Every structure is written in C-alpha cells, then in structure tokens.
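[1] what follows is a predicted protein model with its sequence.
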Amino acid sequence: MDKRIFTGNFTQQEPIPEAAIDAAIAVMRSGRLHRYNTAPGEDGEVAALEQEFAAFTGAKYCLAVASGGYAMGSALRALGVGPGDRVLTNGFTLAPVPGAIAAVNAEPVFVEVTESLTIDLDDLAAKIAATGSKTLLLSHMRGHLCDMDRLMEICDAGGVAVIEDCAHTMGGAWNGVPSGRHGIVGCYSTQTYKHLNSGEGGLLVSDDAELMAKAVMLSGSYMLFGRHTASPPLETFEKVKYVTPNVSGRLDNLRAAILRPQLADLPAQIARWNALYRTVEEGLRNTPGLQVIERPPQEDIVGSSIQLRLPRATAEEVTGVVKGCAARGVELKWFGAAEPVGFTSRYDSWRYAPAQSLPKTDHILAGLLDMRLPLTFSTDDAALIAEIIRDEVLALNAA
Ligand SMILES: *Cc1c(COP(=O)(O)O)cnc(C)c1O
C-alpha cells in the first residue's frame, strides 16, 4: 500500500479576519497610527484593546507593547530587577525568555522540567533556597501549565515575585484562573505564531498599580499616561514618573485594530485548536514507544501545538522518525538536536548565561518532539498527521 502523504503547510496561519482588515484600513485612512495621536473625544485603538484584554483576563490594568519579549523585559525592570540579579526561569523554554533577563543585565538560573513539560517544583524550591533569588520568570512553555496553586505557595513562601510568560497560554487557565493571573504580572505575545496575530506585539496585565504605572512609563508614554483607559489612577504616576526611564516599546493603533476583532474571536478559535489537538492526541495514544503528554483536569488548554515523547529512542532513532515524517509532509521539531534550528533552541545554546547542568531536562529534551497545529488544518488533516506519525514510530519499533 502506498504511504499516505500530508501536503499542508505547518507555518501557514489563517488570513486576518475581514473585520480586522476593515479596522486597519480605517486607521490608515485616519493617518493617526501613533497611540497618542487621537482625535478629540477618541480613545484610540490601543486604549480600546487594553480595556478589552483587561476584561478578557479579569485584570485591573493592561498595557499593550511592541513584543512579548519587550513585555517580559519591562516587567522585570518594573519589578526592580537589575544588573547581577539572579532570575529563576525554565530550562525548557525559548530564546526570548532568557533574552529578556539578559536585557536587564540579570542572570538566568534555569530550573529543570518534568515529564509533563512543566517546571519542576522541587527543583524550583531548591533553587530558591540555594540562590536567594526573588524573581521567577515562569514560562508556560508550549501551553503546559504546572500546578499553579503549589507554585504560588512555594514562591509566596520564598518571597519570590512571579512573572508569567503566557506567550503560549493566552486564553488558557488553571483551576478556572486565567493564565497570567496567578503571578504579579502576565506577559503575552501577539507575534504571528501565537494566539492573536499582529505580526509583532505584546501585552502585560496586572492588578499592581505601581508596577503597571512603571511599565506605562517605560513603554514611552511621554507623560500622556492620562490617555490610557486601562491604567492605574493618575496619583500612582506621581510616584514613578520622574524616576522611570522611557524605553520606547509602544504598540500602534494599526496593530491594535488588527487585534481587537481577533480577541473577540479567540474563544471560538481555542475550540478549533483544541479539536485539532485532541484529534492528534487520540490518534497517537497507545502507540508503543510514544507518549502523549497527559493534561491534568485543572488545565484549560489551548492546543495550538502538540508535544510527543519518544522516551526510549536513541538520537539516531528520533532523527529517523523526524526524517520519515518529513518525507511524508509532517514537520516535527526535535528539542534534542545539538545545534539550535529555527525557533527551537535549548538552554545550553544560551551561552551568555553561566553554564548550568540540568540532567533531567537533558533527558526529557532528548526524546521530545514538537509540532504546530495551525488553524488552516482541518480535523481530517489532524487525523492524517497522527496516522503518519504513528506509522513512522511503529516502523521504528519493527526495525
Ligand atoms: C514567542 C515567545 C515569546 C515572546 O516573543 P516575541 O517574539 O518577543 O513576541 C515569549 N516566550 C515564548 C516561550 C515564546 O515562544
């Protein structure tokens, strides 16, 4: 029998919705692209987006910025993290996370990952004790949420402030609490490969007035913070406005206009992502040699990507599966490769940070495969993709 082949494109996103295109054209016709370039009586698209995203997450305050990486860097800076400070973060994450720590000249301390692909809470507790670090930049890498109740207990007990990197969990929740609302501040990305697509962009949410006033000043508000509609009260700015530098990183009205209709659609899009995710997951469950990542019932997921483990495979076998799948049109990324490729890099490639040893993480990454699930795929596509991966893994077992 001929081997079935998949012909879809793993990096093809859906088009921007027509309503968003219309809104973008209206902003361009107005000429008022800068967030503070507003007509009398007009709040502007950025301010409206901030209000809507605050409501979506249930946060008091929201600030839109230039990127997810910028959001994390300004959260660290607003918390007072600076040169030489040690910041705990996940050993399993992507380059903008340690990059945000390096941007404030602080030092990343990497924490091990578990088989559930979440931060290892025992290692976290041990490293809080060993380093005395007062900051955790927690990355919900690939959408996997750890036991957030226990994490917050550990961090609260250690006096550790938690910044959440929700680049992969926008719209997700733990025990009914939206991702980004457990720690002091949540950071999101609206870069093309995330859950909302404005090319580039980021958001911060928090209930902490002083932190958010600082973030607004940092983003470059030119003392026009009074025009924000999801920012802390004006008196909070009096405390911070002379001592917080302008580190320009604003969002513009054009991107905000593109994002607002997408935000309104997000719950429906999440349901579509999860249908793809559950189809691949079901198609691969009970495949000898392969493990799907079991998702705890407390987690509301956004299945925009899926991770698979080949826990007993050698490096050669994993590359065999990746190549076999690629030949049939299924693009898998491998986190165990020695060299960083494309978007996939590993803690030992971030050599501006002091060298660290994470044996558990090494072991898990050695057998970890990762696949995007763009919404341009149908559930039939998802079923075919699962069939192809299953075939290739079974062929490995037979060999
Ligand atoms: C994409 C991403 C970010 C933010 O990225 P930007 O490209 O700066 O918007 C942060 N964390 C993770 C894990 C990411 O994948």
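    Yep, that arrived. Numbers count the residues shown, from 1 in each chain.
[2] T11 and L373 touch, don't they?
    No. With contacts counted by Cβ atoms under 8 Å, T11 stays clear of L373, the gap being 11.6 Å. C-beta coordinates here come from the backbone N, C-alpha and C atoms, glycine included.
[3] the more surrounded of those two?
    Neighbour count, other Cβ atoms under 10 Å: between T11 and L373, L373 has more, with 22 against 12.
[4] what residues does that one make contact with?
    Counting by Cβ atoms under 8 Å, 6 or more residues apart in numbering, L373 touches W273, L276, Y277, V280, G303, S304, S305, I306, A382.
[5] just send these back as a markdown table, with neighbour count too.
    Formatted as a markdown table, the contacts of L373 follow (neighbours: other Cβ atoms under 10 Å):
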| residue | neighbour count |
| --- | --- |
| W273 | 22 |
| L276 | 23 |
| Y277 | 20 |
| V280 | 26 |
| G303 | 22 |
| S304 | 26 |
| S305 | 19 |
| I306 | 27 |
| A382 | 24 |
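[6] let's have those residues in JSON lines, adding distance to the ligand and pLDDT.
    Supplementary listing: the contacts of L373 in JSON lines, determined by distance: Cβ to the nearest ligand atom, whole Å; pLDDT from 0 to 100:
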{"residue": "W273", "distance to the ligand": "16", "pLDDT": "98"}
{"residue": "L276", "distance to the ligand": "19", "pLDDT": "98"}
{"residue": "Y277", "distance to the ligand": "17", "pLDDT": "98"}
{"residue": "V280", "distance to the ligand": "20", "pLDDT": "98"}
{"residue": "G303", "distance to the ligand": "16", "pLDDT": "98"}
{"residue": "S304", "distance to the ligand": "11", "pLDDT": "98"}
{"residue": "S305", "distance to the ligand": "10", "pLDDT": "97"}
{"residue": "I306", "distance to the ligand": "15", "pLDDT": "98"}
{"residue": "A382", "distance to the ligand": "22", "pLDDT": "98"}
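[7] just these: which are in helices?
    Among those, the members found in helices (DSSP state H) are W273, L276, Y277, V280, A382.
[8] burial measure for the residue in the stretch 201-350 of the chain positioned nearest to the ligand, as a count.
    In the stretch 201-350 of the chain, the residue that lies nearest the ligand is G202 (5.4 Å; Cβ to the nearest ligand atom). Neighbourhood size, G202 [other Cβ under 10 Å]: 28.
[9] check the gap between it and V65 for me.
    5 Å (Cβ to Cβ, to the nearest Å).
[10] quick one: low-confidence parts of the chain?
    Low-confidence segments of the chain (pLDDT under 70): 1, 399.
[11] domains in it, by residue range?
    The chain is divided into the following domains under automatic domain parsing: 18-261, 266-398.
[12] show the contacting residues for L138.
    Going by Cβ under 8 Å, 6+ apart, L138 touches T89, N90, I119, L151, V162, I163, E164, D165, G183.
[13] in strands, which of those residues fall?
    Residues of these located in strands (DSSP state E): T89, N90, V162, I163, E164, D165.
[14] wait, the last one touches C187, no?
    Think D165. Yes. Between D165 and C187 there is a contact under Cβ under 8 Å: 5.5 Å.
[15] hey, what's in contact with both of those two?
    Taking Cβ under 8 Å, 6+ apart as the criterion, D165 and C187 both touch G68, M72.
[16] close to the ligand: what parts of the chain are there?
    Contact residues (Cβ under 6 Å from any ligand atom) of the chain with the ligand: 67-69, 93-94, 96-97, 139, 141, 165, 167-168, 189, 191, 202.
[17] so which of these is the closest to S357?
    Nearest to S357 among the residues of the chain next to the ligand: T93, at 17.0 Å, using Cβ to Cβ.
[18] wasn't the closest one part of a helix?
    No. Counting by DSSP: H, G, I helix; E, B strand; the rest coil, T93 is located in no helix; its state is coil.
[19] burial count for it?
    Applying other Cβ under 10 Å, I find that T93 has 27 neighbouring residues.
[20] for the residue lying closest to it once chain neighbours are set aside, give the beta-bridge partners.
    Distances taken as Cβ to Cβ, 6 or more residues apart in numbering put S139 closest to T93, at 3.9 Å, once the chain neighbours are dropped. Beta-bridge pairing of S139 under DSSP bridges involves D165.
[21] what's in contact with stretch 262-273?
    Contacts for stretch 262-273 (Cβ under 8 Å, 6+ apart): 16-17, 20, 49, 52-53, 56, 170-171, 195-197, 302-304, 373, 375.
[22] returning to that earlier point: in CSV, list the ones in helices among the contacts of L373 along with distance to T131.
    Below are the ones in helices among the contacts of L373 laid out as CSV (distance: Cβ to Cβ, whole Å):
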residue, distance to T131
W273, 37
L276, 40
Y277, 36
V280, 39
A382, 42
